[in-house]
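# how does the following fold in three dimensions:
(chains A and B)
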There are 2 protein chains.
Amino acid sequence: MSRLFCLPSLILALLLLVPSANARQAEPESEQTDISDQISELRASAELLIEAAMADSAAWDRLAYLTDTFGPRFSGSKNLELAIDWILEEMVHDGLQNVRGEPVKVPHWVRGEETLVLLEPHERRLEILGLGGSVGTGPGGVTGEVLVVNSFDDLASRGDEAKGKVVLWNVPFTSYGATVTYRSNGAVRAAEAGAIASLVRSVGPYSMYTPHTGNSRYDESVPKIPHAAVTVEDAMMMQRMQDRGHTIRVRLEMQDYWLPDADSHNVVGELVGSEYPEEIIVMGGHIDSWDVGTGAMDDAGGCVVAWEALRLMKELGLQPKRTIRVVMWTNEENGLRGGNAYRDAHIDEVDNHILAMESDAGVFKPVGFGFTGSDAAFDIITQIGTLLDGVGSGKMTRGGGGADIGPIMQEGVPGMGLNVEGERYFWYHHTNADYVDKLDPDHVARAVATMAVMAFSVADMDQRLPR
Amino acid sequence: MSRLFCLPSLILALLLLVPSANARQAEPESEQTDISDQISELRASAELLIEAAMADSAAWDRLAYLTDTFGPRFSGSKNLELAIDWILEEMVHDGLQNVRGEPVKVPHWVRGEETLVLLEPHERRLEILGLGGSVGTGPGGVTGEVLVVNSFDDLASRGDEAKGKVVLWNVPFTSYGATVTYRSNGAVRAAEAGAIASLVRSVGPYSMYTPHTGNSRYDESVPKIPHAAVTVEDAMMMQRMQDRGHTIRVRLEMQDYWLPDADSHNVVGELVGSEYPEEIIVMGGHIDSWDVGTGAMDDAGGCVVAWEALRLMKELGLQPKRTIRVVMWTNEENGLRGGNAYRDAHIDEVDNHILAMESDAGVFKPVGFGFTGSDAAFDIITQIGTLLDGVGSGKMTRGGGGADIGPIMQEGVPGMGLNVEGERYFWYHHTNADYVDKLDPDHVARAVATMAVMAFSVADMDQRLPR
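Next up is the predicted model:
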């Protein structure tokens, strides 16, 4: 773990503020000058926050503690609520204000035993992960021939070939957007063609026999058929078998089921602003995860970096002019109920939400933020970004946000998402491999620094960030 | 897939043989000159073999067919014998001679259902793979506290702490040799310390929640306790839990068991030599695999490249002076019965085994051979290596062989192993991820060329390779 800033350099940075203040007096007044001065004034706090964030591996350690101790945090699970209870206690110990869990009813789908047995051309159990919300197969499962297709058009062109068969969507990963549609819509489209079950090639660019779960949908007008992800290896294998003219037969058994909606909570903790306490910068990630791995990357990391950013402000005695609120939304993965509930519960103060920030792309090495808002606001956050050049995360780009802040962004709140060097994000996304060891303590510390500097700067400016 | 040689270059190479033959007449006789002339004469055959091997993806296709159609080929399994039967039929179709299965009795261990449930600090099923030969736990499994240790010395230093516990050997991968000892000997050493079960961190440098199986041993003087591999992720997680002072409790259930020895076969096919048919160059790999993945890398690839090398000689009408024998040994993984049975069955002709060649490091991009034999022989094979410079696989190094040819090497047969760029070999080794998609058709073709040129050249020299 490298350290970007040491104590002598911090003192130096503080001393450098004096000429900067002098410069402000000498320069003629203009809008541009006003913003530069703000940035100069914020530099001292920024340096303090960066120094503190990079001083140790506290954030990674907290992330490891959370994910190791409570495990995956699927909506409706005991693990999720135990994790939330622990975080609320810790936030109080940290000295955060208005710490609370805001109630949210969440969907409660339960993964039962899931097995896929290849029967022909050879017999072997293959690994799968049922897709979120899938119906079960009933006892004994469903047995049938596999039809491998490569696109919706491919299936459409095959007439009634899929009737009574198990459709396998074998679509190689290009981008998430281009391939996830087969996971989301595969069951409906296969059922429309008369299939008895739907399998999808896992949505990821690299596999070590690693199935990826994720959400999927049904259409009430079409029979609900079981829907599961196979590994990239098995999808490619079944493609080759079909290309050779071999018959592929499988038995799929899934004991997945639904329970009534469960009680969960959005986790909230604040530092109340000194001058405009009613104006809010909200930042966070989602505390729920899929029920595989430990959801360290997706998205305990996003929660912890926002939380640690706020804890460091408190510890350093940095009270911003506006309120900074950390929210760990619940049920992003299979319902987005947390983000919607937050909007509903806070609709009266949504106009006073100055900025919403989310980290949900994995806390790999941060590079900056993607921002959605006005040109005037983008100009300001771009200048704030210069405070992060030492961390390597000062690059502001147009467009960005996050699933959980989407509902309040729809109400007009400017939003931004943390951008990272996430080349391996989709290697681990929604898999059993999503463990804290995939994240580097140095990167996590940089992400804390990045979230902290941006949130504090926007919260502490003289003027509101314009809409 | 790149093509190293095209037809015009082949014709050119053939024409170039004329001046070479002239040169032999003009030069004074010496040992060195004699060898150079041999090499020059062999160049035409080498170029033909290389051209043919690199012309298409036939070898990769055959490897894919074998591994997809028959799946993993564990000793005692139906899959293994079906795969062997198919290969024997195909060898006959290929026109190979003396095609036969030589009977071998092999151990028959069966993997039953295997589950490891973490009970504390949170409850979740963790992935494991029982290690070859492990006893089962009996119904209900064994439940206990986990003690994480980092070496044999570490365990020894802990007095009776392991008594009644599940020992986890958390030893990070450095080299296979340094870490596999915990997989091989962990159950014995843990049982000696009074443990009720033994878990080992999977032996591999990189994990996407990928357990690695492999062989292990018991000592008759120590109680036999269940022994399984956990993923790297879970080993690291349990280490962190222990370091925090958390109690770790697990329930391990394994329904593994033994059956009586089963019937298997070493697969043999030949091209009989034209001048010294009784002198044998033997080459191959092992046809059995672990019962996970499809054993494409370990070691169907090694079998197929030797087989394809011989098929190409037959197809090209290249009959060497000595006999080249392809052998696909059975039961390398959990017994080495095939290699031992081959030695026993062929003990009378072992003195006429000129060279034994094995490919069992994965058919990644080949770089050359590691050779065990006399200096005089090494000098010759080094010069043969120059015929492979165009393939990039002409580097001969000292030391090398293979598990299956080990028994005849013990009897004095010079041996060599194919060396490859195998950086990811231990990512997939003994895991469910060992599928043909991990191998590149171009690399497999180069391996065929490499095996073919070396085997043919040694078989076709005027003189025997000296011992």
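# is the residue nearest to A:D460 when sequence neighbours are not counted in a helix, a strand, or coil?
Leaving out its chain neighbours, the residue that sits closest to A:D460 by Cβ to Cβ, 6 or more residues apart in numbering or on different chains is A:P320, at 4.2 Å. Every C-beta, even on glycine, is put in place using the N, C-alpha and C of the backbone. Following DSSP: H, G, I helix; E, B strand; the rest coil, we place A:P320 in the coil state.
# swap in A:Y209?
Applying three-state DSSP: A:Y209 is coil.
# help me confirm that it comes into contact with A:M236.
No: counting by Cβ atoms under 8 Å, A:Y209 sits too far from A:M236 to count as a contact (11.5 Å).
# count the neighbours of the residue in the stretch 251-400 of chain A positioned nearest to chain B for me.
Using Cβ to the nearest Cβ, the closest approach of the stretch 251-400 of chain A to chain B is made by A:G293 at 6.9 Å. For A:G293, the neighbour count with other Cβ atoms under 10 Å in any protein chain shown is 27.
# helix or strand: which one has it?
Using DSSP states H and E, A:G293 sits within no helix or strand.
# what sits against A:E421?
A:364-365, A:367 (Cβ atoms under 8 Å, 6 or more residues apart in numbering or on different chains).
# now do the same for it: its pLDDT.
pLDDT, A:E421: 98.
# thought the residue nearest to A:D460 was touching A:K314?
No: using Cβ under 8 Å, A:P320 is not in contact with A:K314; the gap is 11.0 Å.
# overlap of the contact sets of these two?
Joint contacts of A:P320 and A:K314 (Cβ under 8 Å, 6+ apart) are A:L271.
# neighbour count for the two, which is higher?
A:P320 (24 against 16).
# and the more buried one, what does it touch?
A:271, A:273-274, A:281, A:313, A:456, A:459-460.
# how does it look with 6 Å?
A:P320 sits next to A:273, A:456, A:459-460 when contact means Cβ atoms under 6 Å, 6 or more residues apart in numbering or on different chains.
# return the member of these nearest to chain B.
Closest to chain B, out of all of the contacts of A:P320 and judged by Cβ to the nearest Cβ, is A:F456, at 30.9 Å.
# and the helix or strand hosting that closest one, how far out from the chain's middle?
A:F456 belongs to helix A:441-460 when assigned by DSSP H and E. Chain-centre distance of helix A:441-460: 17 Å, with Cα atoms, centre = their mean, to the nearest Å.
# on contacts alone, who are the packing partners of that helix?
helix A:31-54, helix A:58-70, strand A:276-286, helix A:301-316, strand A:322-329, strand A:366-372 (3 or more Cβ pairs under 6 Å, 6 or more residues apart in numbering or on different chains; DSSP states H and E).
# hmm, who's touching it?
Residues contacting helix A:441-460 (Cβ under 6 Å, 6+ apart): A:1-2, A:42, A:45-46, A:49-50, A:53-54, A:57, A:59-60, A:281, A:283, A:305-306, A:308-309, A:312, A:320-322, A:324, A:355, A:363-366, A:384, A:387-388, A:391, A:393, A:465.
# pick the most buried one from the helices and strands packed on helix A:441-460.
strand A:322-329 (a mean of 29; mean count of other Cβ atoms under 10 Å in any protein chain shown).
# start and end of stretch A:330-339, how far apart?
Stretch A:330-339 has an end-to-end distance of 8 Å (Cα to Cα, to the nearest Å).
# now do the buried residues in that stretch.
A:330-339 (16 or more other Cβ atoms under 10 Å in any protein chain shown).
# can you tell me, leaving aside adjacent residues, what's nearest to A:M357?
Closest to A:M357 by Cβ to Cβ, 6+ apart is A:M283, at 3.8 Å.
# how about the strands in the stretch 101-250 of chain A?
Under the criterion DSSP state E, counting those that start in this stretch, strands of the stretch 101-250 of chain A are mapped to A:114-120, A:124-126, A:128-130, A:142-149, A:166-169, A:197-201, A:227-230, A:249-254.
# wait, I meant the stretch 351-467 of chain A
Going by DSSP E, counting those that start in this stretch, the stretch 351-467 of chain A shows strands at A:353-358, A:366-372, A:395-398, A:415-420.
# got the ones you listed as TSV, with distance to A:V135 columns?
Shown next, in TSV, are the strands of the stretch 351-467 of chain A (distance: least, Cβ to Cβ, whole Å):
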stretch	distance to A:V135
strand A:353-358	32
strand A:366-372	37
strand A:395-398	41
strand A:415-420	33
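# domains in chain A, as residue ranges please.
A:7-107+A:261-460, A:112-255 (automatic domain parsing).
# could you tell me the least trusted of those?
domain A:7-107+A:261-460 (a mean of 92).
# keeping just the C-alphas, turn stretch A:261-272 into CSV.
This file holds the C-alpha atoms of stretch A:261-272, laid out as CSV (Å, rounded to 0.1, in the frame of the first residue of the first chain):
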residue,chain,number,x,y,z
ASP,A,261,-42.0,-9.2,1.3
ALA,A,262,-39.6,-8.8,4.1
ASP,A,263,-38.6,-5.9,6.4
SER,A,264,-35.4,-4.2,5.6
HIS,A,265,-33.9,-0.7,6.0
ASN,A,266,-32.0,2.0,4.3
VAL,A,267,-29.0,2.9,6.6
VAL,A,268,-28.6,6.6,7.2
GLY,A,269,-26.0,8.7,9.1
GLU,A,270,-25.1,12.3,8.8
LEU,A,271,-22.9,15.2,9.6
VAL,A,272,-25.2,18.2,9.9
